[in-house]
Each structure stands twice: as C-alpha cells, then as structure tokens.
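Participant: pasting the structure only:
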C-alpha cells in the first residue's frame with residue numbers, strides 16, 4: 001500500500017530565506033530599494049531612527065510607487081518564490097522588473113526581528129501587515145501553522161509602500177558596533193554604485209529596456225542616530241564623481257556574435273584629446289557563448305603623480321563638499337570607486353564593481369605583465385547586459401553574483417578582449433611619451449648601454465679640466481684614467497658576451513616552457529602505449545614458446561613495430577626541443593630552410609590537427625640559411641605557437657599557415673602568414689616590444705623572443721599589413737643556394 005504525503009516546510013525556513021540566502025545587511029537594503037524601483041516609484045528613501053529610551057532601532061525603506069492591493073499582499077507578497085514578477089517582466093510604466101525570484105523582500109529579516117508593511121494602492125486602500133520573525137523560531141512549528149495579521153482600510157494616503165524593520169532591546173553601544181561609520185560609509189558607497197550613471201541610460205534602448213524618461217533617486221536619512229558623523233543628516237545619493245576624468249576610455253556595443261563597435265579616448269595628454277573608432281570581432285573560445293548584446297564602458301586611470309595632477313586639473317572635486325581635492329584625496333576617491341560593475345538596466349548586480357572583487361583577475365594578469373596590463377584599482381567600468389531571457393546571465397538567489405555558466409565566461413572574455421584593445425593603445429602612448437619610464441630600446445641595446453664607458457670618460461675629462469691643473473698634469477691624469485677604463489672595458493666585454501649568452505639561453509627556456517603542453521600531450525601518449533604494450537608482448541612471447549600460433553606471431557610483430565614507432569616519436573620530440581634545453585648555444589651552421597619550417601610545423605602537428613589548421617610550405621628546397629639551431633627554434637616555435645592561438649579562436653574556414661621565400665638584392669626574405677584575425681588594433685611598430693600582446697592573458701614575450709632570436713642570427717623580423725590575416729617578414733642576411 002502506498003500513501004501520499006505533502007512536503008511540510010518548517011516555519012524556520014523563513015529565517016533561512018532572510019538570513020542565509022542574503023549575503024549581508026547592505027544586500028538586504030539593496031533588495032528593498034530595487035522593490036521600490038519595481039513599484040514605479042521615482043525614489044526610495046532609507047531612514048535609520050534610534051530611540052534611546054526604548055532601546056529600539058528602526059530601519060525604514062519607503063517609496064511613492066503604485067503600492068500593493070490587499071490581494072497582492074496576501075497572495076503574492078506573502079508567497080515566497082512567487083512567479084508574479086517572472087511572468088509580468090515589466091512594471092506598468094515599462095520598467096524591467098529587478099526582483100524575479102520572489103524572495104528579495106524577505107531580506108528585511110536580516111535587518112531586525114519585526115517587520116511592518118504599510119502599503120497603499122492607487123485606489124486609496126491601505127493594507128497593513130505585521131510580521132514578528134520570532135514566531136518562526138518555535139520548534140515543531142510548520143509554515144502553514146503560522147497566522148499573520150493583515151488588515152486593510154480606505155484612506156486618503158497617497159500610493160506607496162513603507163517597510164519598517166525594528167530591532168528591540170538593542171543598546172546604544174550595540175548600535176555603534178553594528179552600524180559603525182565604516183559600515184555606513186560602505187552602505188552609502190554601495191548605494192552610489194547601485195545605479196548606473198545617468199549618461200549611460202541612453203544605451204537602454206539598444207539593450208531592450210524602456211526608453212521613457214526614467215529618473216530614480218535614493219536618499220538616506222539618519223534621525224536621532226547615536227553616531228555623530230551621521231546624526232540628523234540626510235544624504236542624497238549622487239553619481240560617481242570621477243567617471244568623466246579618466247585618462248583612457250574604451251566603450252561601445254558588442255552584438256550577439258561578438259562584433260564590437262568601439263571608441264577609444266585618451267585624455268592623458270597635453271594636446272587635443274585623442275578619439276579613435278574601430279569595429280572588430282572579439283573572439284571567444286568554443287567553451288564560451290556570447291551573452292546576447294552587451295554594452296561595455298571601461299575607464300582607466302594612471303595613478304602616477306603626474307597623472308593624478310592631470311586628473312585634478314581636469315576638475316576633480318570632493319563628492320560631498322564639491323571643492324577641489326589634493327593628491328591624497330584624489331587617490332582616496334579612486335580607491336572608493338574603482339571596479340568593473342555589471343548592470344542590468346539601471347541597477348548594478350552585486351558584487352561586481354566592488355573594490356574587493358576582482359572578477360576579471362586584473363591584478364593577477366598585471367603581475368605577469370606590468371608594463372602592459374592595468375590593475376584592478378585603475379579601472380572604473382560599466383557593463384550593461386540584457387535581461388536573463390536574452391543574455392542567459394542568471395543572477396544567483398543569494399544575490400552574490402551571476403551563475404557561472406558558458407555565457408558568463410563568454411562575458412568575461414568579451415570584457416577582457418575589449419580592455420585589451422585599450423591596454424595596447426595605452427602601452428603605445430606611454431612608450432612614445434616615455435610615460436612608462438623606458439625609451440623603447442631592445443634588450444640587447446639596454447644591456448650594451450650598461451657596459452658603455454665613453455660617457456664616463458667624457459664626464460671625468462670635464463671634471464679634470466675644472467680642477468685647475470696644469471696642462472701636463474691634466475694629460476697625465478687623463479692618460480692614467482683612460483688606461484684604467486680601457487682595461488676595465490676589455491674585461492667587461494667578456495662579461496657582456498657571457499651575459500648575452502645567458503639571456504639567450506633563458507629566452508630559449510621560456511620558449512620551451514610555452515610549448516611544454518605539446519611535450520606532455522605527445523610524450524604521455526607514446527609512453528602510455530609503450531608501458532601498456534610491452535607487458536603484452538612479453539606475455540605473448542611466453543605463450544608462443546609453449547605453443548606456436550601464427551596469429552599470435554603476427555600480433556607480436558605488429559605491436560613491436562608500433563612500440564619502436566612510439567619510441568622514435570619520443571626521440572623525435574626530444575630532438576626537436578633539444579636546441580632549447582642546452583646550456584650553451586651551438587655555433588652557427590647552414591640549415592635547409594624548407595626543412596627548418598617543416599620540422600617546426602611538425603612539432604605542432606597535434607595542435608594544428610585538433611584545430612583544423614593546415615600548413616603550406618612554398619620555400620624552395622635549395623635555400624640554406626646560416627644560424628644556430630637554437631635561435632631558429634626560438635624564432636619559429638614562437639611564430640607557430642602565436643598562429644595556433646589566434647587560429648584556434650577564429651571562426652574562419654580552411655585555417656592555414658603559409659610560408660614562402662624570395663631573394664631580393666642579396667637578402668633572403670621569408671613571408672610567414674596565417675589567415676586568422678590578423679593584427680586588429682595592433683601597432684606594428686611595437687608588436688615585438690616585450691610586454692606588448694593582443695592576447696587577453698598574453699605575456700607579450702612570444703614575438704619579442706622571436707625578434708631577439710632573429711637579431712642574434714644576424715637578420716630581423718617585421719610585421720606587415722595584410723587584409724587576410726597576420727603576416728611576418730623574416731630577413732636572413734647570410735644564406736646560400738645549392739643547386
């Protein structure tokens with residue numbers, strides 16, 4: 001016999017909804033403010049009132065929206081997880097409803113034990129509800145056993161809703177602890193960041209939101225509050241004070257296929273601010289999905305003293321006093337407001353945009369490449385997304401972020417790729433203006449400068465002439481000094497050569513590290529086969545000795561040949577990377593150029609095959625180049641690794657890497673090209689600079705290593721403009737033809 005039973009929620013589930021599903025008191029107040037917006041109210045007022053005599057704190061959130069009818073209160077407000085807003089989607093005035101999960105209002109429970117709801121609908125009926133949260137704590141009580149008093153009457157009160165949450169028996173010292181200045185400042189900052197800046201509201205139409213004039217204000221009031229800084233003060237929540245004072249900005253729409261129309265601006269210059277418009281494709285990997293249409297607005301602030309002075313000069317004022325600020329206050333304002341927020345319509349989704357939530361891993365990436373990357377504390381950003389049905393970006397019930405699905409990771413990729421466009425242009429600007437503190441020299445030039453003694457000689461010579469010596473004394477001292485310097489210079493020349501050699505070896509090891517995944521993938525495959533097959537062959541040999549079988553003999557022969565093949569493949573892998581793992585570079589010798597490129601491509605066979613990339617080698621067989629195998633491997637492995645990355649992310653059909661060669665005026669040129677996305681937004685003059693990379697998580701080492709290796713060979717490498725992908729030109733000065 002089978003009986004039917006019902007799920008009977010315990011009354012304490014209401015505590016779980018109010019306390020456990022809401023992150024903190026700030027999140028609770030934010031949820032109630034969003035309800036005011038959903039009610040079509042033009043404002044939301046938050047008030048804190050404390051009665052010392054009653055030892056009672058009241059937190060009140062009120063609005064002047066359309067209010068709720070008695071039926072709405074009883075059959076929707078009192079129904080946890082109601083589908084009401086999920087079905088309606090829009091308010092009567094066309095606002096996209098913020099709260100769709102039907103539990104946000106119960107966040108009030110985290111603010112106090114007693115909740116009083118007073119709401120008046122547009123017909124003038126006022127409904128009152130008293131909810132004592134302690135009744136849900138009684139052991140053995142089920143939710144359906146709880147009776148909640150609700151009354152209604154006709155009044156002349158204007159429409160709106162007021163929720164008052166009361167905490168009783170709370171001493172003044174407890175108030176000062178629970179709502180200390182730091183926590184209240186955080187609340188005010190949270191509310192200031194909650195609303196998207198007014199200037200961004202114009203993007204709403206293209207994201208599918210209402211285009212009507214939609215103002216919404218928030219005020220916070222403190223009545224008889226025991227903290228002097230806030231007592232009897234009212235704060236109108238104002239927008240961000242620094243968003244127009246950026247050094248660099250990139251903004252625009254990305255459609256649901258990843259096509260971005262972006263504008264880049266630079267205000268960190270004494271000349272006319274720079275503005276560049278571009279249209280590019282932001283690539284996602286196969287594991288990421290495009291999250292509908294997205295608006296991205298990223299503003300970057302350099303935090304060096306000169307840039308801070310420039311920001312102050314552009315008009316930075318204190319957000320409260322509206323007076324100009326000094327450097328310390330300017331940095332404090334940036335510290336308060338930095339972060340990249342995600343907004344759905346008018347409201348920010350917590351915790352994106354908080355200073356302690358680096359959801360784009362900006363600081364982690366900056367450590368790897370500080371000359372190019374910007375840090376988390378340098379960016380104020382606004383990411384506007386569509387509703388859940390369009391973007392598939394779903395907010396978690398606990399209001400602690402978005403569900404981390406493929407669309408969420410796609411959003412991260414789009415934002416990171418957009419920021420990369422800004423970072424590259426910022427890098428170019430700082431290199432040209434020496435803002436980064438370096439003069440754009442190659443590594444070899446910088447090392448050579450360390451060992452340059454001519455400037456020292458000239459400086460000493462000038463000082464000797466100032467000493468008031470006779471001509472003979474000057475000549476004698478100058479001769480002694482010059483001989484000493486020349487002797488030291490000869491000694492340092494040997495050290496310079498050793499240093500260059502060590503740096504070259506380190507560059508080879510960096511390249512080896514970048515291709516370790518190939519070694520591991522291929523090596524494990526062959527080792528696994530050898531380990532699994534050898535015991536079988538041994539067992540079959542024992543069987544065939546006792547009882548010869550022709551088919552078993554065939555198996556032994558086949559498997560033995562395959563073991564030998566796997567061993568040869570391992571040997572081939574090791575041979576290919578051996579030049580990069582040596583302690584000293586071998587001497588230069590002549591290598592067949594066609595085979596050099598063929599071997600480099602073959603090393604990446606698996607990666608190229610998995611990503612559908614073919615290789616076309618048009619180099620004539622008779623061409624030989626003089627170089628060390630070490631430097632050739634460093635240059636070509638980095639080129640192929642770079643092409644495979646971009647082609648794997650590209651949606652182009654018939655992915656291909658092509659090489660061709662020709663001789664012109666006693667120079668051998670190789671054109672290396674792929675049909676990937678090419679150098680979108682890249683500065684070809686800086687593309688070989690250490691740190692310069694168009695990859696979202698790139699270190700900027702690959703092409704730099706290739707350039708240094710070609711320099712050691714005695715040639716050079718450059719990037720060429722092409723409308724069919726990326727193209728590089730390699731120039732070999734020493735070569736010969738063998739007919």
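Facilitator: That came through fine. If you're wondering where the values come from, they're calculated on a predicted model, not measured in any experiment.

Participant: Low-confidence stretches in the stretch 501-650 of the chain?
Facilitator: 501-526, 528-529, 565-586 (pLDDT under 70).

Participant: Do a quick rundown of the helices in it.
Facilitator: All helices of the stretch 501-650 of the chain, identified by DSSP state H, counting those that start in this stretch, fall at 516-546, 550-577, 593-603, 605-610, 629-649.

Participant: what's the most buried one of those?
Facilitator: Counting by mean count of other C-beta atoms under 10 Å, helix 629-649 has the highest mean neighbour count of the helices of the stretch 501-650 of the chain, with a mean of 23. Backbone N, C-alpha and C define where each C-beta goes, glycine included.

Participant: Summarise which helices and strands that helix is packed against.
Facilitator: Taking 3 or more C-beta pairs under 8 Å, 6 or more residues apart in numbering; DSSP states H and E as contact, the helices and strands that helix 629-649 lies on are helix 471-514, strand 589-592, helix 593-603, helix 605-610, strand 656-664, strand 667-674, helix 702-713, strand 726-732.

Participant: partners of the shortest one in the sheet?
Facilitator: It stands for strand 589-592. Here strand 589-592 has these sheet partners by DSSP bridges: strand 623-627 (antiparallel).

Participant: so residue 298 makes contact with residue 422?
Facilitator: Yes: between residue 298 and residue 422 there is a contact under C-beta atoms under 8 Å: 6.2 Å.

Participant: Can you check which residues contact both of these two?
Facilitator: Common contacts of residue 298 and residue 422 (C-beta atoms under 8 Å, 6 or more residues apart in numbering): 249, 250.

Participant: Of the helices of the stretch 501-650 of the chain, which is nearest residue 173?
Facilitator: Checking those against residue 173 by C-beta to C-beta gives helix 629-649 as the closest, at 58.5 Å.

Participant: Give me the angle between that closest one and strand 656-664.
Facilitator: Interaxial angle of helix 629-649 relative to strand 656-664 (axes from the mean of the first three to the mean of the last three C-alpha atoms, to 10 degrees): 140 degrees.

Participant: Rebuild the helices of the stretch 501-650 of the chain as TSV, extending it with distance to residue 387.
Facilitator: TSV is the format used below for the helices of the stretch 501-650 of the chain (distance: least, C-beta to C-beta, whole Å):
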stretch	distance to residue 387
helix 516-546	40
helix 550-577	51
helix 593-603	47
helix 605-610	37
helix 629-649	28
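
Participant: Ok, which of those comes nearest residue 115?
Facilitator: Nearest to residue 115, of all the helices of the stretch 501-650 of the chain, is helix 629-649, at 51.6 Å by C-beta to C-beta.

Participant: With adjacent residues omitted, what lies nearest to residue 635?
Facilitator: residue 709 (4.1 Å; C-beta to C-beta, 6 or more residues apart in numbering).

Participant: swap in residue 460?
Facilitator: In space, residue 460 is closest to residue 481, 5.5 Å off (C-beta to C-beta, 6+ apart).

Participant: Helix or strand with the lowest mean pLDDT in the protein?
Facilitator: Here the helix or strand of the chain ranked lowest by mean pLDDT, DSSP states H and E is helix 443-450, holding a mean of 55.

Participant: can you pull the buried residues of the very next helix or strand once past that helix?
Facilitator: Using DSSP states H and E, the helix or strand that follows helix 443-450 towards the C-terminus is helix 454-466. Neighbour-count burial for helix 454-466, counted by 16 or more other C-beta atoms under 10 Å, picks out residue 464.

Participant: Counting by contacts, list what helix 454-466 packs against.
Facilitator: helix 471-514.

Participant: Tell me which helix or strand the residue nearest to residue 39 when sequence neighbours are not counted sits in.
Facilitator: Excluding the flanking residues, the one nearest residue 39 by C-beta to C-beta, 6+ apart is residue 65, at 2.9 Å. Assigned by DSSP H and E, residue 65 falls within no helix or strand.

Participant: swap in the one 3 residues further on?
Facilitator: Element membership for residue 68, per DSSP H and E: none, as it lies in no helix or strand.

Participant: Can you get me a residue count around the residue nearest to residue 635?
Facilitator: Applying other C-beta atoms under 10 Å, we find 26 residues neighbouring residue 709.

Participant: quick one, domains of the chain?
Facilitator: With domains defined by automatic domain parsing, the chain comprises 13-236, 248-432, 443-513, 587-739.

Participant: Mind putting those into TSV with distance to residue 533?
Facilitator: Putting the domains of the chain into TSV (distance: least, C-beta to C-beta, whole Å) gives the following:
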stretch	distance to residue 533
domain 13-236	55
domain 248-432	33
domain 443-513	29
domain 587-739	20
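
Participant: Comparing these, which yields the minimum mean pLDDT?
Facilitator: For these, mean pLDDT drops lowest on domain 443-513, to a mean of 66.

Participant: Can you report phi and psi for the residue positioned nearest the centre of the chain?
Facilitator: The residue lying closest to the centre of the chain (C-alpha atoms, centre = their mean) is residue 360, at 3.0 Å. Phi and psi for residue 360, reported as degrees, to the nearest 10, are phi -100, psi 0.

Participant: so what's it up against?
Facilitator: Here residue 360 is in contact with 340, 376, 412, 415, 416, 419 (C-beta under 8 Å, 6+ apart).

Participant: The last one: how many residues sit nearby?
Facilitator: A count of neighbours around residue 419, defined by other C-beta under 10 Å, yields 23.

Participant: Which one, of the domains of the chain, ends up nearest to residue 242?
Facilitator: domain 248-432 (5.7 Å).

Participant: distance between the ends of that closest one?
Facilitator: 16 Å (C-alpha to C-alpha, to the nearest Å).

Participant: Run the chain-centre distance for that domain.
Facilitator: 9 Å (C-alpha atoms, centre = their mean, to the nearest Å).

Participant: tell me the contacts of residue 381?
Facilitator: By C-beta under 8 Å, 6+ apart, residue 381 lies in contact with 296, 297, 298, 299, 339, 340, 341, 353, 415.

Participant: do residue 290 as well
Facilitator: 254, 256, 257, 258, 284, 407, 410, 414 are the contacts of residue 290 under C-beta under 8 Å, 6+ apart.

Participant: now the strands for the stretch 251-400 of the chain?
Facilitator: Along the stretch 251-400 of the chain, counting by DSSP state E, counting those that start in this stretch, strands occupy 259-266, 274-281, 294-300, 339-344, 347-349, 379-385.

Participant: Skipping adjacent residues, who's closest to residue 650 in space?
Facilitator: Closest residue to residue 650 apart from its sequence neighbours, by C-beta to C-beta, 6+ apart: residue 676 at 4.7 Å.

Participant: swap in residue 422?
Facilitator: residue 250 (4.1 Å).

Participant: Which elements pack onto the strand or helix carrying the one you found?
Facilitator: Here residue 250, judged by DSSP H and E, is contained in strand 248-254. Using 3+ C-beta pairs under 8 Å, 6+ apart, the elements in contact with strand 248-254 are strand 259-266, strand 294-300, helix 406-432.

Participant: Neighbouring strands - and their directions - for it?
Facilitator: strand 259-266 (antiparallel), strand 294-300 (antiparallel).

Participant: With distance to residue 123 and mean neighbour count added, can I get the ones you listed in JSON lines?
Facilitator: Formatted as JSON lines, the strands paired with strand 248-254 follow (distance: least, C-beta to C-beta, whole Å; neighbours: other C-beta atoms under 10 Å):
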{"stretch": "strand 259-266", "distance to residue 123": "48", "mean neighbour count": "17"}
{"stretch": "strand 294-300", "distance to residue 123": "39", "mean neighbour count": "24"}
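
Participant: For residue 95, which of those is the nearest?
Facilitator: Taking the strands paired with strand 248-254 one by one with C-beta to C-beta, strand 294-300 is closest: 18.1 Å.
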